[in-house]
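> Predicted model and sequence below, questions to follow.
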Amino acid sequence: MAAKTTHKDLEKRVKELEREVRAYKQAEMAQHDNEMTYKQLADLLPQTVFEVDKQGNITFANRHAFETFGYTQEDLKKGFSALRWFIRKDRDRVRENIRKVLSGEKLHGQPYTALRRDGSTFPAIAYASAIIVRKGKPTGLRGVLIDITKRKQAREALKTSEETLKALLNACSESAFLIDNEGSILAINETAAQRLHKNMDELLGVNVYSSLPPKAAKRRKMWTNKVIRSHKEVCFEDEVDGRVMSNSVYPVLDKRGKVIQLAVYGRDITEQKRVVAEMKEKQAALQAKRRELQEVNAALRVLLEGRDKARRELEERVLSNVKELVGPYINRLKKSGLDAKQMTYLRILESNLNDIVSPFVRQLSSKYSTLTPTEIQVAQLIREGKNTREIAELLSSSKRTIESHRQSIRTKLGVKGAKANLRSYLFSM
């Protein structure tokens, strides 16, 4: 037989129920406070925060969601499907992913194309997890949707920058590559790869010093370390595989001014060096030839001066001999009672002797080599004031012949026209 419930037992039970009710209310209030705190915090986030029920309707969205998509709280009260936030092409995948999350699967970083109320779109990534509040069964899901427009633009800009860098490197006709402070190759052009006897893809990430002969590697590492310490570019020359290279190393600085990378350019100057060496050799040979010619010229000047001196001495001796040895006998012959014909021959002999030693005749013969010996005699007699008849008598020739010689002399000397005085012209010579 069951024990009888007393009044005291009832009072005790009532108090227990009251405690349970108070605890339940406190839990409800705590949950409400937590939800309020959660929603307040969610409104502060710069990403879209949302909750979706099992039917796929959005039950909560933070302030950023309304600003991003252009909807209002009133729209959510009318049963707002989460599918409306995505383009039609993605909706089947959104629906399937909601089902997977509610069934307990974990899906993170799902890419979508989000759709705003005005029809504009943007790239987004969604993260979601199930909401479990009673008996371990999910009542919906909670997630975050992030606008990755800037991230995508940055990625595209980076890709464009990489392509631009690659194009710039390959546009350079000389070796060009980018290395970190340890020498690992970050970017390289085709010319540099060819000089290292490898493909560009094979060299990415490889330490550049390991691809060089030990002596060249040690020297280049010394120069790059100098750039890292000084933060200033350097230029130097070295030789690799028989080729002379002119190298330039430039520092790449971060925002704090620290050297984080090095840009290296190498120009093959082997041919230039060869040409310069050949030019120096030719210049040295020309200098030697010039000195030799100067010596020859000096010797020639000495010889010419000696020849001129000898010629002058010879002329002086001839003139002296004529005057001292021949002249007295000609004067005696003139006084010896010669007839007219003999006297004419004597005058011709005396005239010819004077012609031989006359500076005028020598000048005329050298300057106007086209004149015949007879024309030179005629020109000398014209200069002395002889007329055609007198010249004809002296040279035992006819007046017509002398006139012909006079005309030939005018033509050869360029004295044209009857008015030009031939004797005056000959005196001016």
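Structure received. Numbers count the residues shown, from 1 in each chain.

> Now do the one helix or strand I402 maps to: which elements does it pack against?
Per DSSP states H and E, I402 falls inside helix 399-413. When contacts are defined as 3 or more C-beta pairs under 8 Å, 6 or more residues apart in numbering; DSSP states H and E, helix 399-413 packs onto helix 373-383, helix 388-394, helix 422-428. Yep, even glycine has a C-beta here, placed from its N, CA and C like the rest.

> repeat that with 10 Å
Applying 3 or more C-beta pairs under 10 Å, 6 or more residues apart in numbering; DSSP states H and E, we find helix 399-413 packed against helix 359-367, helix 373-383, helix 388-394, helix 422-428.

> And V275, how far from D43?
Distance of V275 to D43, given as C-beta to C-beta, to the nearest Å: 75 Å.

> most packed of the helices and strands packed on helix 399-413?
helix 373-383 (a mean of 20; mean count of other C-beta atoms under 10 Å).

> Kindly provide the whole-number mean pLDDT of it.
Helix 373-383 shows a mean pLDDT of 81.

> Give me the more crowded residue out of V275 and D43.
It is D43, of V275 and D43, that has more neighbours when counted by other C-beta atoms under 10 Å, with 14 against 11.

> Tell me who's in contact with that one.
Applying C-beta atoms under 10 Å, 6 or more residues apart in numbering to D43 gives the contacts 49, 61-66.

> Can you turn the buried part of those residues into a PyMOL selection?
Here is the PyMOL selection string for the buried members of those, based on 16 or more other C-beta atoms under 10 Å:
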select buried, resi 49+61+62+64+65+66
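
> thought R219 was touching V234?
No: counting by C-beta atoms under 10 Å, R219 sits too far from V234 to count as a contact (11.7 Å).

> So between those two, which is more surrounded?
Taking other C-beta under 10 Å, R219 and V234 do not tie; R219 has more neighbours (18 against 15).

> quick one: that one and R195, what's the gap?
Distance, R219 to R195, by C-beta to C-beta: 16 Å.

> rewinding a little: just send the helices and strands packed on helix 399-413 back as CSV, with distance to Y265 too.
Output for these, formatted as CSV (distance: least, C-beta to C-beta, whole Å):
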stretch, distance to Y265
helix 359-367, 69
helix 373-383, 79
helix 388-394, 90
helix 422-428, 74
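
> Quick one, which of these gets closest to L293.
Comparing those by their distance to L293 (C-beta to C-beta), the top pick is helix 359-367, with 27.0 Å.

> Quick one: mean pLDDT over the closest one.
So the average pLDDT for helix 359-367 ends up being 56.

> need the strands for the stretch 201-350 of the chain, in chain order.
For the stretch 201-350 of the chain, the strands defined by DSSP state E, counting those that start in this stretch cover 234-240, 243-253, 259-268.

> Now render those strands as a markdown table, adding mean pLDDT and distance to A298.
Formatted as a markdown table, the strands of the stretch 201-350 of the chain follow (pLDDT from 0 to 100; distance: least, C-beta to C-beta, whole Å):
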| stretch | mean pLDDT | distance to A298 |
| --- | --- | --- |
| strand 234-240 | 89 | 43 |
| strand 243-253 | 90 | 42 |
| strand 259-268 | 90 | 46 |
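
> out of the ones you listed, which comes closest to L303?
That would be, of these and by C-beta to C-beta, strand 243-253, which comes in at 49.5 Å.

> hang on, N207 packs against E182?
Yes: counting by C-beta under 10 Å, E182 is a contact partner of N207 at 6.9 Å.

> Please say which of the two ends up with more neighbours.
Between N207 and E182, N207 has the larger neighbour count (other C-beta under 10 Å), namely 15 against 10.

> Counting neighbours, what do you get for the residue nearest to that one when sequence neighbours are not counted?
Leaving aside its sequence neighbours, N207 sits nearest to G183 (C-beta to C-beta, 6 or more residues apart in numbering; 4.7 Å). Using other C-beta under 10 Å, the number of residues around G183 comes to 19.

> Touching, G183 and L203? I think so.
No: applying C-beta under 10 Å, one finds G183 not in contact with L203, separated by 11.7 Å.

> so what's in contact with these two at the same time?
Contacts common to G183 and L203, judged by C-beta under 10 Å, 6+ apart, are S211.

> rewinding a little: now the strands of the stretch 201-350 of the chain in JSON lines, with distance to R88?
Output for the strands of the stretch 201-350 of the chain, formatted as JSON lines (distance: least, C-beta to C-beta, whole Å):
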{"stretch": "strand 234-240", "distance to R88": "60"}
{"stretch": "strand 243-253", "distance to R88": "47"}
{"stretch": "strand 259-268", "distance to R88": "46"}
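
> Alright, that wraps it up for me.
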